[in-house]
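Engineer: Following is a predicted model, sequence given first.
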Amino acid sequence: MTPAGPRVTPAGPRAGLCESCAHRQLVRNTRGSEFTLCRRSRTEPERFPRYPRLPVTRCAGYERAAGRA
């Protein structure tokens, strides 16, 4: 039996450009999972997927949000 040490939980996957985008909306479900919703998909669904595959490294609609790194 090994001694119990501090429990380490890995950080979730990084969202790439979405992390600092003005059009990102973080959606949580009842099980505690988090999803990145692109609000640009509401007006231009043919160009922007509602839930983009992460990490996003290039995006024509990216705009840096005020106050995000």
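Structural biologist: Cool, the structure landed. Numbers count the residues shown, from 1 in each chain.

Engineer: Flag the shaky bits of the chain, pLDDT-wise.
Structural biologist: 1-13, 68-69 (pLDDT under 70).

Engineer: Break down it into its strands, ranges please.
Structural biologist: 24-28, 34-38 (DSSP state E).

Engineer: Export the last one to CSV, keeping only CA atoms.
Structural biologist: When you say that, I think you mean strand 34-38. Output in CSV follows, covering the C-alpha atoms of strand 34-38 (Å, rounded to 0.1, in the frame of the first residue of the first chain):
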residue,chain,number,x,y,z
GLU,A,34,-17.0,22.7,-19.7
PHE,A,35,-17.4,23.5,-23.4
THR,A,36,-16.3,26.5,-25.5
LEU,A,37,-19.2,28.0,-27.5
CYS,A,38,-18.3,30.5,-30.3
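
Engineer: Tell me which other helices or strands it touches.
Structural biologist: strand 24-28 (3 or more Cβ pairs under 8 Å, 6 or more residues apart in numbering; DSSP states H and E). (Glycine included, C-beta is placed from N, CA and C.)

Engineer: and if you look at the first one?
Structural biologist: Contacting strand 24-28 under the criterion 3+ Cβ pairs under 8 Å, 6+ apart are the following elements: strand 34-38.

Engineer: Once you drop chain neighbours, what's closest to Ala65?
Structural biologist: Ala22 (4.0 Å; Cβ to Cβ, 6 or more residues apart in numbering).

Engineer: Please tell me how far the one you found sits from Val56.
Structural biologist: 14 Å (Cβ to Cβ, to the nearest Å).

Engineer: How about Gly16?
Structural biologist: 4 Å.
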